[in-house]
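Visitor: test case, fold it:
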Amino acid sequence: MSRADDVGARQERFRSLHIETYADLLRFVERRVPVAEAEDIVSSVFLTAWRRFDELPDDARPWLFAVARKTMANQSRGWLRRRALDVRLVSLEAREPSDDAGSAAVRIDLARAWRVLRPADREVLALVAFDGLTAEQAAAVLGCGRSTFAMRLGRARQRLRAALEPAESVAPSSFRPHDFKEQQAWTRA
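Guide: Prediction:
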């Protein structure tokens, strides 16, 4: 059998699987999540099935339903995290604003220091400080080892501390405007 025949057979098996299971899978998902989100979940399930085509059992129907359950669980966890964040943000907004000029100055200094950091440093710091990832998780996001990430994080923290120093104690040559090419450097972090 030629490679083209093999690819054609795979595509035909996948089409048949899709035709045979789509309606039942959609009903299964619609009973558990809002109808507006069901088709997206089913699409994700079939994308997973295509990517893991060689792992599909002969009777793929139960496998597809299991993938759908896991996809819905992941979506629910994401929804709960977003909801918790909304609650935290609302509680922050509910606090009475402070007239403390010192805290405003600190925020201004931090914003200035953040802007002078390299994009790669901002990305490393944001993964830990804003996104709440562990060093191991953040390393996986950046595609590097945990120790490499820890080293990058330590250096980024040092640069942030240096950027927060009063302007007269920081050498003017230590900061320079970043061109657009360097702005894209976070992808290489």
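Visitor: domains of this structure: list them as residue ranges, please.
Guide: 3-92, 104-188 (automatic domain parsing).
Visitor: the ones you listed: lowest mean pLDDT?
Guide: Of all the domains of the chain, the minimum mean pLDDT falls on domain 104-188 (a mean of 74).
Visitor: off-centre distance for that one?
Guide: The chain centre lies 18 Å from the centre of domain 104-188; the measure is C-alpha atoms, centre = their mean, to the nearest Å.
Visitor: circling back: and the domains of the chain as a markdown table, adding mean neighbour count?
Guide: No exception for glycine: its C-beta is placed from N, CA and C like everyone else's. Shown next, in a markdown table, are those (neighbours: other C-beta atoms under 10 Å):
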| stretch | mean neighbour count |
| --- | --- |
| domain 3-92 | 13 |
| domain 104-188 | 14 |
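Visitor: for residue 31, see how far away residue 73 is.
Guide: 15 Å (C-beta to C-beta, to the nearest Å).
Visitor: again but with residue 57, I slipped
Guide: 24 Å.
Visitor: also residue 146?
Guide: Per C-beta to C-beta, residue 146 is found 41 Å from residue 31.
Visitor: what of residue 81?
Guide: Residue 81 sits 24 Å away from residue 31, going by C-beta to C-beta.
Visitor: what of residue 12?
Guide: Distance of residue 12 to residue 31, computed by C-beta to C-beta: 30 Å.
Visitor: centroid-nearest residue for the protein?
Guide: residue 141 (7.7 Å; C-alpha atoms, centre = their mean).
Visitor: same for the helix or strand containing that one, what does it pack against?
Guide: Residue 141 belongs to helix 135-142 when assigned by DSSP states H and E. Counting contacts by 3 or more C-beta pairs under 8 Å, 6 or more residues apart in numbering; DSSP states H and E, helix 135-142 is packed against helix 119-129, helix 146-164.
Visitor: just the helices in this structure please.
Guide: For the chain, the helices defined by DSSP state H cover 3-30, 35-51, 61-94, 101-116, 119-129, 135-142, 146-164, 180-183.
Visitor: so who does residue 87 touch?
Guide: Contacts for residue 87 (C-beta atoms under 8 Å, 6 or more residues apart in numbering) come out as none.
Visitor: check the spacing between it and residue 77 real quick.
Guide: 16 Å.
Visitor: without its sequence neighbours, what residue ends up closest to residue 144?
Guide: Nearest non-adjacent residue to residue 144, counting by C-beta to C-beta, 6 or more residues apart in numbering: residue 152, 7.6 Å away.
Visitor: surely that neighbour meets residue 122?
Guide: No: Residue 152 lies out of contact with residue 122 (C-beta atoms under 8 Å); the separation is 11.6 Å.
Visitor: picking up where we left off before, so what's the residue nearest to the residue nearest to the centre of the chain when sequence neighbours are not counted up against?
Guide: Among residues not flanking residue 141 along the chain, residue 127 sits closest, at 6.1 Å (C-beta to C-beta, 6+ apart). By C-beta under 8 Å, 6+ apart, the residues touching residue 127 are 133, 137, 138, 141, 142.
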